[in-house]
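what's the 3D shape of this:
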Amino acid sequence: MARIVGLLLAAGQGKRFGGDKLLQALADGTPVAVAAARALKAACADSIAVLRPEQDALASLLEAEGLRVVRCAAARSGMGHSLAAGVAASGDVQGWLVALADMPCIRVATLQAVAETIGGGAALAAPAHAGRRGHPVGFAARWRDALLALEGDEGARAILRQNLSLLHVLKTDDPGVLQDVDTPADLAALGRPTGGG
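Presented below is the predicted three-dimensional model:
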């Protein structure tokens, strides 16, 4: 079976939220990042969370969920550094399932589908809902060097942009692939049923 490692990017600073949004509780009391971590771990038994060095409280929570925690000293310089750190820590694998810790509503089945698509030989994979591409994003091992070279806040968007012909888009009815928590209003909206849009 293909070894796909889950990477949970949890080093964001939550500037627009006004604080550490990843520790904020969802309607059921689960912290945002813990909900995202549980879903990722259910889809990828081997999952790594990338954090800033000082995120001790979050590190303890995610380690309790069974994720390996990697602390990225350069995380404040942008998501690219976090992604590169996660890839570097993952060893010899066939691909990565890259998820964001501020997206706690993605269904496990959606995460599994993207991971299985990469495991089945796709170079790149991502879900789409209502015509919009969302998260997580799957990367095959062929991108290892490109991912290790990432820096700044661009993340892996350039890889996707330059290789759209290789991207397997999985249509889904899962609205969670588009729902992130950037502001307190976003968090509040997750507690209410979403509209038909």
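
now what about stretch 17-36, what contacts it?
8, 10, 12, 14, 38, 49, 55, 57-58, 61-62, 65, 99-106, 181-184, 187, 190-191 (CB atoms under 8 Å, 6 or more residues apart in numbering). Placement of C-beta: from N, CA and C, glycine included.

buried ones among those residues?
Among the contacts of stretch 17-36, those that count as buried by neighbour count (16 or more other CB atoms under 10 Å) are 8, 10, 12, 14, 38, 49, 55, 58, 61-62, 65, 99-106, 181, 187, 190.

can you tell me the SS state at Leu170?
strand (DSSP: H, G, I helix; E, B strand; the rest coil).

Ala49 too?
Classification of Ala49 by three-state DSSP places it in strand.

point out where the chain drops to low pLDDT.
Within the chain, the segments meeting pLDDT under 70 span 1-2, 13-16, 18, 154, 191-197.

any idea which residue sits dead centre in it?
Ala99 (1.1 Å; CA atoms, centre = their mean).

any idea how far Ala188 is from that residue?
Between Ala99 and Ala188 the computed distance is 22 Å (CB to CB, to the nearest Å).

got it, and Leu22?
Spatial separation of Leu22 from Ala188 under the definition CB to CB is 16 Å.

who has more neighbours, the two?
Leu22 (28 against 11; other CB atoms under 10 Å).

setting aside sequence neighbours, what's the nearest residue to that one?
Among residues not flanking Leu22 along the chain, Ala33 sits closest, at 3.8 Å (CB to CB, 6 or more residues apart in numbering).

which parts of the protein are helices?
Listed in chain order, the helices found in the chain under DSSP state H are 32-43, 56-64, 79-88, 108-119, 144-148, 157-162, 184-190.

and the last one, what other elements does it pack with?
Contacts defined by 3 or more CB pairs under 8 Å, 6 or more residues apart in numbering; DSSP states H and E place helix 184-190 against no helix or strand at all.

what lies in contact with that helix?
The list of residues contacting helix 184-190 from outside it, by CB under 8 Å, 6+ apart, reads Phe17, Gly18, Lys21, Gln24, Leu26, Ala27, Val32, Pro104, Cys105, Gln179, Asp180, Val181.

list buried residues within those residues.
Counted by 16+ other CB under 10 Å, those give Phe17, Lys21, Gln24, Leu26, Val32, Pro104, Cys105, Gln179, Asp180, Val181 as buried.
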